[in-house]
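**Student:** Pasting the sequence and the predicted model now:
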Amino acid sequence: MAEHEHVRVAVVGSGFGGLGAAVRLRREGFTDFVVLERAGSVGGTWRDNSYPGCACDVPSHLYSFSFAPNPDWPRTFSGQEHIRAYLEHVTDVFGLRPHLRLNSEVLRMTWDSEALRWDIETSGGRLSADFVVSATGPLSDPKIPDIPGLDSFAGKVFHSARWDHDYDLRGKRVAMVGTGASAIQIVPAIQPLARKVTLFQRTPPWVMPRMDRAISGAERRLHRQLPFTTQARRGLLWGIRELQVQAFTKHPGQLGAVEQLAKRNMARAIKDPALRAKLTPDYRIGCKRILLSSTYYPALAQPNVDVVASGLSRVEGSKVVAADGTEAQVDAIVFGTGFHVTDMPIADRVVGADGRTLAEAWKGGMEALRGASAAGFPNWMTVIGPNTGLGNSSMILMIESQLNYLADFVRQLDVLGGRVALDARPAAVRDWNHRVQERMKRTVWNTGGCTSWYLDANGRNSTIWPGTTTEFRRATRRVDLAEYEVLRPAGQRSAAQDKGAVQDESTEAAV
């Protein structure tokens with residue numbers, strides 16, 4: 001990276017969000033941008049999570065860009081290696097390699113109110129940008145709980161997102177901590193290899209069968225020869241999930257029938273009544289993410305697997321002790337304990353117009369206008385920001401909606417002309433988030449009786465979108481200038497003042 005390089009747009013992260021932003025910028029005719037990536041290759045969470053059994057729980061044809069369909073997905077639910085290969089393919093097909101700045105972790109980005117630009121310090125050098133797209137994603141920084149005695153553990157310790165492939169688990173006694181989406185894939189993969197697996201479960205998940213299968217060669221040929229069939233398949237998958245949203249957002253009571261299906265799924269594999277009792281959740285299905293697996297319960301029923309219905313409390317030498325007093329001697333501890341979602345580490349590195357970091361501004365909870373813009377952080381937007389997550393569909397749909405918003409944001413800056421920045425008005429951010437939180441009150445994520453990673457330290461759901469992807473698409477079609485303050489260098493008249501007024505092209509609100 002050249003010293004003090006200046007670009008029009010700096011994109012942070014090269015997962016689905018960052019690569020999608022780069023593709024959209026190129027398709028809009030913008031070429032003066034870079035993609036800053038802390039690692040040595042693209043892929044984001046699909047590069048970092050390479051644990052045994054890693055796969056997606058969203059169907060392949062829906063978990064891919066609409067503008068980059070892949071007719072050759074090998075399975076209905078793709079594995080990590082196939083998704084990572086897809087992202088490498090997107091990088092090549094859309095000519096993104098020249099824009100990549102690999103091994104360039106963002107250490108600090110500071111808004112310069114006089115120059116109206118972001119000054120960015122990275123591990124690969126310094127640069128500045130007129131506009132920043134933060135696409136670091138919520139599943140990028142692993143969270144390992146503070147366990148007394150862990151530092152003195154003589155065995156191997158690692159997080160699921162930092163899997164040590166040089167460590168052989170064959171014949172080992174393994175403690176698996178956590179029962180989330182990663183753990184239910186890891187346990188079946190390591191159970192046949194390990195001497196013993198002890199699963200520490202604070203809260204049991206609801207698990208539905210994973211209807212995965214190989215996609216036949218005939219299907220793939222059909223998708224290659226008739227591309228509209230790929231679009232139709234994607235559309236069908238999307239439509240089914242849109243119809244399901246009402247149960248999650250307005251009528252959680254309707255999910256009782258789904259719970260019965262999940263219980264039958266458990267009963268088929270778990271014959272021991274005591275184990276079945278341990279594995280049965282006491283909250284409404286959907287309150288936490290519904291997990292998909294056809295191998296998790298059969299693995300738990302094997303004689304070399306113990307389920308401890310309690311969280312890991314402390315470590316004493318090679319002994320792990322649960323909160324209920326259960327003890328086990330282990331050789332390795334694997335944490336499947338999630339990520340920093342509501343306290344994203346990148347927020348500590350972003351310094352806004354008033355000198356506060358984004359983490360300080362979000363101390364009371366993450367808030368962003370239309371999931372993108374934070375007040376006091378001009379010409380900055382986040383992809384997969386606050387309240388853009390989904391509990392039942394593909395995040396790629398939400399990312400593409402935010403890319404529409406990004407494209408119009410940059411267009412608006414061009415229309416305004418000259419050195420200019422847009423800063424979300426605090427009142428607009430508050431109004432948007434008030435409406436989102438009002439809708440959130442009746443959803444299963446808030447009323448289902450669980451404590452999930454969707455909730456922040458204050459118990460506020462700052463993660464999930466309480467509506468359909470169609471509603472979010474309408475809400476992010478274009479930037480409403482009435483929701484932003486137009487910033488220019490001191491003493492410079494704005495284009496709006498020269499013309500007499502800014503045309504208010506109000507975006508239809510979805511909340």
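**Tutor:** That came through, no problem. Remember, predicted model here, so these are calculated numbers, not experimental data.

**Student:** What is the neighbour count of Ala490?
**Tutor:** Neighbour count for Ala490, taken as other Cβ atoms under 10 Å: 6. The way it works is simple: take the backbone N, C-alpha and C, and place the C-beta from them, glycine included.

**Student:** Let's verify it: helix, strand, or coil?
**Tutor:** Taking DSSP: H, G, I helix; E, B strand; the rest coil as the rule, one finds Ala490 in the coil state.

**Student:** Please list all residues in contact with it.
**Tutor:** Contacts of Ala490 were listed using Cβ atoms under 8 Å, 6 or more residues apart in numbering, and they are Glu114.

**Student:** what's near enough to touch Ile147?
**Tutor:** Residues counted as contacts of Ile147 (Cβ under 8 Å, 6+ apart) are Leu312, Ser313, Arg314, Val315.

**Student:** Buried ones among those?
**Tutor:** Buried residues within the contacts of Ile147, defined by neighbour count using 16 or more other Cβ atoms under 10 Å: Leu312, Ser313, Val315.

**Student:** Let's have those in TSV, adding distance to Asn49.
**Tutor:** Formatted as TSV, the buried ones among the contacts of Ile147 follow (distance: Cβ to Cβ, whole Å):
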residue	distance to Asn49
Leu312	21
Ser313	27
Val315	24
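
**Student:** Please report how far Pro209 lies from Arg233.
**Tutor:** Noted for Pro209: a distance of 20 Å to Arg233, by Cβ to Cβ, to the nearest Å.

**Student:** just to revisit the earlier point, pick out the most distant pair among the contacts of Ile147.
**Tutor:** Using Cβ to Cβ, the contacts of Ile147 span at most 8.8 Å, a distance reached by Ser313 and Val315.

**Student:** overlap in contacts of these two?
**Tutor:** Contact criterion Cβ under 8 Å, 6+ apart; residues shared by Ser313 and Val315: Ile147, Pro148, Val321.

**Student:** pretty sure the last one is touching Gly311, no?
**Tutor:** No - taking Cβ atoms under 8 Å as the definition, Val321 is not a contact partner of Gly311, at 10.6 Å.

**Student:** Quick one: residues contacting Thr451.
**Tutor:** Thr203.

**Student:** Give me the phi and psi angles of the residue nearest to Thr382 when sequence neighbours are not counted.
**Tutor:** Leaving aside its sequence neighbours, Thr382 sits nearest to Ser134 (Cβ to Cβ, 6 or more residues apart in numbering; 4.4 Å). For Ser134, the backbone dihedrals (degrees, to the nearest 10) come out as phi -90, psi 110.

**Student:** isn't Ser134 right next to Pro386, touching?
**Tutor:** No - counting by Cβ under 8 Å, Pro386 is not a contact partner of Ser134; they are 11.9 Å apart.

**Student:** tell me the centre residue of this structure?
**Tutor:** Nearest to the mean C-alpha position of the chain, counting by Cα atoms, centre = their mean, stands Pro138 at 4.3 Å.

**Student:** excluding its backbone neighbours, what's nearest that one?
**Tutor:** Excluding the flanking residues, the one nearest Pro138 by Cβ to Cβ, 6+ apart is Val341, at 4.4 Å.

**Student:** Over to Pro252?
**Tutor:** Once flanking residues are discounted, Pro252 sits nearest to Val444: 3.9 Å by Cβ to Cβ, 6+ apart.

**Student:** related to what we said a few turns ago, wait, what's in contact with the residue nearest to the centre of the chain?
**Tutor:** Counted by Cβ under 8 Å, 6+ apart, Pro138 has contacts Phe339, His340, Val341, Met344, Ile384, Gly389, Thr463.

**Student:** Which secondary structure state is assigned to it?
**Tutor:** Under the three-state scheme (three-state DSSP), Pro138 adopts coil.

**Student:** Check the gap between it and Gln80 for me.
**Tutor:** 18 Å.

**Student:** Next: Thr470.
**Tutor:** For Thr470, the distance to Gln80 - Cβ to Cβ - is 29 Å.

**Student:** Tell me which of those two has more neighbours.
**Tutor:** More crowded of Thr470 and Gln80, by other Cβ under 10 Å: Gln80, with 21 against 14.
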